[in-house]
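*Asks:* I'd like to go over a predicted model; first the sequence, then the structure.
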Amino acid sequence: MVPQFKDRLQAVNPEYETFANLQTLQVNLGNLCNLHCTHCHVDASSHGTEIMGTFVMDQIAGFLARNPGLTLDITGGCPEMNPNFRYLINRTKGLAARRMLRSNLAIMAEPGWEWLPEFCRNQELTVVGSLPCYLEENVDQQRGSGVYQKSIQVLKRLNSLGYGKEVELNLVYNPGGDFVPGSQKGLESAYKSELSASHGIIFNHLFTITNAPIGRFREHLEATGTYSDYLRMLASRFNPETAGTIMCRTLISVDWQGKVYNCDFNQAVGMSINTDDGSDISISELDDAGMNGKQIDLAQHCYCCTAGEGSSCTGALVP
C-alpha cells in the first residue's frame, strides 16, 4: 500500500500543503497537437477539440495586467496550433516579466509553420523545447518517426536566430519509461556535449521532468500491469528536500475554458481549484492575494514531483 501523498508532505511540513505566492501563470491553450506522444498526460493529438478562444485570452491578459511581474508559461497540446496563438502573444506583450513557450519543436518544421522561429524571436519568447533524448531512436520511439530530425532542424534554425545566446533556449528531458530521471546536471552535460558534437547545437538549460502516472502514460502502465509498481517506486524515492519547492506552491494553471488548477497535472485529471461552496474558479475571478495560504489539491500522482531530485515544469527541485 502506497501512503497518501498528502500525509507524506504534511509529515515534512504542514505549510507545504498550502499555496505560497504566485510567480508563474501557466496557460494551456488546448489539446490540439501534431504529435501523439506515448507519455502525453493531456491526451493531445491532431483530433484535439479543446481550443482556447480569444475571450479567455483577454481574461488572461487582464489578470497579468493586474498582477505585474509574473512569468507567463504557455503550453498545450501544441500551443502554436491554437488558431488564436498569435493573438495571445500579441495581447500579452509587455504584461509579463517573462514569456515561455513550450514547444514540441517539430511543429516549427511542418509545412505552413515555418514562420514560427522568427515570430518567437521577434516576440522575445523563451523557447522550452521537448527533446526527450539526444538519441534519434529514443525520440522517435516516444514521439513518432522523423520527429528527431525535425527537432534538430528547428534547433539549428533557432540557434541561427540567436537562441541559446541572446535569447533563452531550454530543452526538456523526460524518461522513456517507468523510471525517475537521473542527475539533471549530468544529463544537461551529456546533452550539450552530444548535440554540439553531432549537430553544432547549443542551448541554455535542460529540464528533467518525471512522467506523471496519468493520461496516456497511466494507460500504458495499466496495460502492462505496472501502474502500482510505478507508484510504489515514486513513493520510495520521495525526497523531503523537494517538498518546500513543489511548483504548485507558486504556479497556477489555466485551462482552455479559463478554469484554474494547482498544476497542469491536476488540470489533466479535472481537479480544479474551487470556492468554499465547490464552484469552479475562472481566471477572471481569481484573486492572487486570496490564494496565499490556500490548501493545495493533492493526489497520488503528486509523487512524481518529489521523487529523486524532484520534478517541475522547470526541472529538478534540488541540486
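*Replies:* That came through, no problem.
*Asks:* who touches the helix or strand harbouring residue 60?
*Replies:* If you go by DSSP states H and E, residue 60 is part of helix 54-66. If you take Cβ atoms under 8 Å, 6 or more residues apart in numbering as the criterion, helix 54-66 is touched by 25, 27, 70, 72, 84, 87-88, 91-92, 95-96, 254, 256-258, 282-284, 286, 288. Where C-beta positions appear, they are placed from N, C-alpha and C, glycine not excepted.
*Asks:* now which of those residues would you call buried?
*Replies:* 25, 27, 70, 72, 84, 87-88, 91-92, 95-96, 254, 256, 258, 282-283, 286 (16 or more other Cβ atoms under 10 Å).
*Asks:* just these: which are in strands?
*Replies:* Within the buried ones among the contacts of helix 54-66, residues falling in strands by DSSP state E are 25, 27, 72, 254.
*Asks:* quick check: residue 271 touching residue 301?
*Replies:* No - under the criterion of Cβ atoms under 8 Å, residue 271 makes no contact with residue 301, lying 9.5 Å away.
*Asks:* show me which of these two is the more surrounded one.
*Replies:* Taking other Cβ atoms under 10 Å, residue 271 and residue 301 do not tie; residue 301 has more neighbours (22 against 16).
*Asks:* now that one, what's its secondary structure?
*Replies:* helix (DSSP: H, G, I helix; E, B strand; the rest coil).
*Asks:* so how far is residue 59 from it?
*Replies:* 28 Å (Cβ to Cβ, to the nearest Å).
*Asks:* for residue 242, same thing?
*Replies:* Separation of residue 242 from residue 59 (Cβ to Cβ): 32 Å.
*Asks:* between the two, who's got more neighbours?
*Replies:* Under the criterion of other Cβ under 10 Å, the comparison of residue 242 against residue 59 puts residue 242 first, with 22 against 17.
*Asks:* contacting residues for the spatially closest residue to that one that is not a sequence neighbour?
*Replies:* Excluding the flanking residues, the one nearest residue 242 by Cβ to Cβ, 6 or more residues apart in numbering is residue 310, at 3.2 Å. Taking Cβ under 8 Å, 6+ apart, we find residue 310 in contact with 239, 241, 242, 245, 246, 316, 317, 318.
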